[in-house]
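> Pasting the sequence and the predicted coordinates here, then a few questions.
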Number of protein chains: 2
Amino acid sequence: AQMSLEQGYEARREFDARYRLLLRTVRDPVVFVSVNEGRIKDLNEPAAALLGSTREDLVGSSFAAEFRDRRKDEFVESLVNTAISENTSDFNVQTKRNRQRVIITPNVFRAAGERVLICRLDTESTGSGHLDELG
Amino acid sequence: AQMSLEQGYEARREFDARYRLLLRTVRDPVVFVSVNEGRIKDLNEPAAALLGSTREDLVGSSFAAEFRDRRKDEFVESLVNTAISENTSDFNVQTKRNRQRVIITPNVFRAAGERVLICRLDTESTGSGHLDELG
């Protein structure tokens, strides 16, 4: 069974539209990071603002480089370990550009054959007032 | 040019994984609503909690029915009008099950040939501490 390339693209575009609009709609700062490369694949405006830069400048750059005292390899590895571990311990970091204390909540998934981290970044202020953590 | 059905499904699964994990990661309550049917297509746990029910019970049900004094047709129409209007006015409602005051921020997009609303629901508490509204 075959479907045309056009149908394939159409399906991708629709899922992509839903994903992109969701990412733009939420106010929680969210960053997608390639596990292999340690680079930022995508992020929303609140995340860019928290890191002290713009989406345009941050997409494609090293995620670890945005935080103080973090080496690239061990940083991404630690995030993956936190994502797959059963006890959800806080992952505390400090941003390099504006010295903001941030708690990262990472999850890992597989997309297009590579592992990708989705990281929610919480400051004390973004964290307040929200409902309790999801199970 | 053709791609196999399997490749097409694979592409959809990957976009779907990214979308679903993002929806599960964020703490902003978010609801997707079919414009034609007025029914909830998808929502996250914070949205279900805010509406006073569960994801399982809410998916497929009328979105308007979750709010006080709202008729189904005009409710969805008002959300679409707010989404496409240039002045972003607040859309204030009150939930039916637990009388919670909520501000809805709607956006409209097209997916699989139908128009879909993505609605962020903010209470006073979920709204506090967040960065300013995106432009």
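Arrived safely.

> which strand is the longest one in chain A?
Identified as the longest strand of chain A according to DSSP state E is strand A:101-111.

> partners of it in the sheet?
When pairing is defined by DSSP bridges, strand A:101-111 lines up against strand A:91-94 (antiparallel), strand A:114-122 (antiparallel).

> How about the residue sitting nearest the centre point of chain A, nearest residue that isn't a chain neighbour?
In chain A, the centroid-proximal residue (C-alpha atoms, centre = their mean) is residue A:31; its distance is 2.1 Å. Among residues not flanking residue A:31 along the chain, residue A:43 sits closest, at 4.3 Å (C-beta to C-beta, 6 or more residues apart in numbering or on different chains). Heads up, the C-betas are built off the backbone N, CA and C, glycines and all.

> go on, residue A:28?
Nearest non-adjacent residue to residue A:28, counting by C-beta to C-beta, 6+ apart: residue B:26, 4.5 Å away.

> Kindly report the same for residue A:105.
Nearest residue to residue A:105 in three dimensions, chain neighbours excluded: residue A:120, at 4.4 Å (C-beta to C-beta, 6+ apart).

> The one you found contacts residue A:91, correct?
No. The criterion here is C-beta atoms under 8 Å, and residue A:120 misses it with residue A:91 at 10.4 Å.

> higher neighbour count, the two?
Between residue A:120 and residue A:91, counting by other C-beta atoms under 10 Å in any protein chain shown, residue A:120 is the more crowded of the two (22 against 18).

> Identify the residues contacting the more buried one.
Contacts for residue A:120 were tallied using C-beta atoms under 8 Å, 6 or more residues apart in numbering or on different chains; they are A:28, A:29, A:30, A:104, A:105, B:25, B:26, B:27.

> Emit the ChimeraX select command for whichever of those residues are buried.
The buried residues among these can be selected in ChimeraX (16 or more other C-beta atoms under 10 Å in any protein chain shown) with this line:
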select /A:28,29,30,104,105 /B:25,26,27
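
> Closest one to residue B:116 out of the contacts of residue A:120, please.
Comparing the contacts of residue A:120 against residue B:116 with C-beta to C-beta places residue B:26 closest, at 17.6 Å.

> right, and the helix or strand after the helix or strand where residue A:49 lies?
Per DSSP states H and E: residue A:49 is located in helix A:45-51. Sequence-wise, the next helix or strand downstream of helix A:45-51 (DSSP H and E) is helix A:55-58.
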